[in-house]
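Asks: Everything below, folded, please.
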Amino acid sequence: MKYFKRILENVPTEPLLTEIASVSDAWAQATGRQDKIAVQREALAIPLRGLRKSMLYGRKRRDVHESRWTGSAASFPLACGFITDVATRLDADLGRAKIVCLPAGRRVYPHVDQGEYYRFRGRYHLVLKSSAGSWLKAGDEDVRMREGELWWFDNDQMHEAHNDGDEDRIHIIFDLLPASMREKAAASTERARLASLAAA
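Replies: Numbers count the residues shown, from 1 in each chain. Prediction:
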């Protein structure tokens, strides 16, 4: 397959699901994703890492490389520890990250993630819960990811998801900047910083 690669299997999911369930109203605390992004309107999300607003430098949000832990991340140490460990193993830098729930019968509509931030990074999904296996399509390929599996997929392709099971589908989704792209991302930010200073 060109657009998908399974990275890990048999990741213990129960501790992570227990951690999520232990936080009251976890899914209701941040609704920006479903409120503002039309293709994501049927999904719920808990942001773990987000855009570093202080580094905008006049760029569109989709072109900002820098990210930081959110206020809600402290409530999910196991999830944060997992993605940090994967980044270390793959010699990569953590980007944005979230825990996402797609309720039964709901979908993420076809789209391509636009912007320089996404072009430089890889997108990863850890499946925590999916009664039917998580169906995801990218380009002309599709997979059914199973609980406890970590997958990379190419979100430069048109992609979509559908929960055709009868229970919530829960994933941890995160982006990694590979070591080979670190200098390029830093140079892009420096250009934006200098342009911002010149325009001030």
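Asks: Distance check, residue 50 against residue 191.
Replies: Distance, residue 50 to residue 191, by Cβ to Cβ, to the nearest Å: 23 Å. Where C-beta positions appear, they are placed from N, C-alpha and C, glycine not excepted.
Asks: Also residue 91?
Replies: 25 Å.
Asks: Equivalent analysis for residue 183, please.
Replies: Distance of residue 183 to residue 191, computed by Cβ to Cβ: 13 Å.
Asks: Those two: which has the busier surroundings?
Replies: Counted by other Cβ atoms under 10 Å, residue 183 and residue 191 do not tie: residue 191 has more neighbours, with 12 against 9.
Asks: the strands in the chain, which residues?
Replies: For the chain, the strands defined by DSSP state E cover 4-8, 44-51, 67-69, 92-102, 107-111, 122-129, 134-138, 141-145, 150-153, 159-162, 169-178.
Asks: can I get those in JSON lines with mean pLDDT?
Replies: Shown next, in JSON lines, are these (pLDDT from 0 to 100):
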{"stretch": "strand 4-8", "mean pLDDT": "98"}
{"stretch": "strand 44-51", "mean pLDDT": "95"}
{"stretch": "strand 67-69", "mean pLDDT": "97"}
{"stretch": "strand 92-102", "mean pLDDT": "97"}
{"stretch": "strand 107-111", "mean pLDDT": "92"}
{"stretch": "strand 122-129", "mean pLDDT": "98"}
{"stretch": "strand 134-138", "mean pLDDT": "97"}
{"stretch": "strand 141-145", "mean pLDDT": "97"}
{"stretch": "strand 150-153", "mean pLDDT": "98"}
{"stretch": "strand 159-162", "mean pLDDT": "95"}
{"stretch": "strand 169-178", "mean pLDDT": "98"}
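Asks: Can I get those in JSON lines including distance to residue 82 and mean neighbour count?
Replies: What follows is the strands of the chain, written out as JSON lines (distance: least, Cβ to Cβ, whole Å; neighbours: other Cβ atoms under 10 Å):
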{"stretch": "strand 4-8", "distance to residue 82": "10", "mean neighbour count": "15"}
{"stretch": "strand 44-51", "distance to residue 82": "10", "mean neighbour count": "21"}
{"stretch": "strand 67-69", "distance to residue 82": "14", "mean neighbour count": "16"}
{"stretch": "strand 92-102", "distance to residue 82": "10", "mean neighbour count": "22"}
{"stretch": "strand 107-111", "distance to residue 82": "22", "mean neighbour count": "15"}
{"stretch": "strand 122-129", "distance to residue 82": "7", "mean neighbour count": "22"}
{"stretch": "strand 134-138", "distance to residue 82": "17", "mean neighbour count": "21"}
{"stretch": "strand 141-145", "distance to residue 82": "16", "mean neighbour count": "17"}
{"stretch": "strand 150-153", "distance to residue 82": "9", "mean neighbour count": "20"}
{"stretch": "strand 159-162", "distance to residue 82": "21", "mean neighbour count": "20"}
{"stretch": "strand 169-178", "distance to residue 82": "7", "mean neighbour count": "22"}
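Asks: Go through the ones you listed and name the closest to residue 25.
Replies: Across the strands of the chain, the minimum distance to residue 25, taken as Cβ to Cβ, is reached by strand 44-51, at 10.4 Å.
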